[in-house]
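Colleague: this is a predicted model, with the sequence first.
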Amino acid sequence: MDTPIAETALDLVPPGVERVPVTFEINGKTQQFKVEAWTTLLDLLREHCHLSGTKKGCDHGQCGACTAIVNGQRINTCLALAAVRDGAAITTIEGLADGDTLHPVQQAFIDHDAFQCGYCTPGQICSAVAMLDEGHVKTADDIREQMSGNLCRCGAYTNIVAAILDAADLSDQRSPTPGARP
Ligand code: FES
Ligand code: FES
């Protein structure tokens, strides 16, 4: 059953500003909201849905920390207006696991220690999941190229690529990751 319409959590809008009704399927659950016209999908996820796994890094489309999967495509949610994306199906990092079973990309990131601080990690994983679904990745170089929109300040790129190769079952393309589980 659909959840009731939720008002904004940050009620800083001047009187008289109209909100836009929008409906999304978020991690398999249909939800309705009323948002300001300038509300981004990132702020909708974090402030309205309290799905804080999707991170705000630059808020300018430059780092990929805010990546989520929208209608099957990975996008920077900081650049997408909620009102424009009305009706979309959204998958965030919170929606990837199947109960207690992690998504293979999530598990591979753990197995390969593919993070340090972890701030970029939800965006990296969502981007990798959608990238693999796109079906164009054959080599480590493909991954480096197609993941180039997801920056990691900690420089965990070597292990990130190894994890994705593993999850994509392209492990013959990778160098062993130090400390990786067999
Ligand atoms: S927070 Fe969206 S790209 Fe950096
Ligand atoms: S693990 Fe720290 S930014 Fe990527």
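Modeller: Perfect, I can see it now. Computed from a predicted structure; not experimentally measured. Ligands and ions are numbered 1, 2, ... in the order given.

Colleague: wait, F24 sits on G87?
Modeller: Yes: F24 lies in contact with G87 (CB atoms under 8 Å); the separation is 7.3 Å. All C-beta atoms are positioned from the backbone trio N, CA, C, and that covers glycine.

Colleague: higher neighbour count, those two?
Modeller: Neighbours per residue (other CB atoms under 10 Å) separate F24 from G87, with F24 holding more: 23 against 9.

Colleague: chain center to stretch 60-67: distance?
Modeller: 10 Å (CA atoms, centre = their mean, to the nearest Å).

Colleague: who does the nearest residue to W38 once chain neighbours are set aside form a beta bridge with?
Modeller: In space, not counting the residues next to it along the chain, W38 is nearest to L81; the distance is 7.1 Å by CB to CB, 6 or more residues apart in numbering. According to DSSP bridges, the residues that bridge with L81 are T40.

Colleague: give the buried residues for the top helix by length along the chain.
Modeller: Using DSSP state H, we find that the single longest helix of the chain is helix 121-134. Going by neighbour count (16 or more other CB atoms under 10 Å), the buried part of helix 121-134 is 121-132.

Colleague: could I get those residues as TSV with distance to L42?
Modeller: Shown next, in TSV, are the buried residues of helix 121-134 (distance: CB to CB, whole Å):
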residue	distance to L42
T121	16
P122	12
G123	11
Q124	16
I125	16
C126	12
S127	14
A128	19
V129	18
A130	16
M131	20
L132	23
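
Colleague: domains of the chain?
Modeller: Following automatic domain parsing, one gets these domains for the chain: 20-92, 104-173.

Colleague: for those, which has the smallest mean pLDDT value?
Modeller: With a mean of 94, domain 104-173 has the lowest mean pLDDT of these.

Colleague: do it and ligand 1 meet?
Modeller: No: judged by CB under 6 Å from any ligand atom, domain 104-173 makes no contact with ligand 1; its nearest approach is 7.7 Å.

Colleague: related to what we said a few turns ago, restrict the buried residues of helix 121-134 to those near ligand 2?
Modeller: Near ligand 2, judged by CB under 6 Å from any ligand atom, the entries from the buried residues of helix 121-134 are T121.

Colleague: for Q73, give the beta-bridge partners.
Modeller: Under DSSP bridges, the beta-bridge partners of Q73 are V70.

Colleague: how close does it sit to A80?
Modeller: 11 Å (CB to CB, to the nearest Å).

Colleague: neighbour-wise, which of those two wins?
Modeller: Neighbour count, other CB under 10 Å: between Q73 and A80, A80 has more, with 20 against 11.

Colleague: any idea what C154 is structurally, helix, strand or coil?
Modeller: coil (DSSP: H, G, I helix; E, B strand; the rest coil).

Colleague: now it, nearest residue through space, not along the chain?
Modeller: The shortest distance from C154 to any non-neighbouring residue, by CB to CB, 6+ apart, is to Q116 (3.6 Å).
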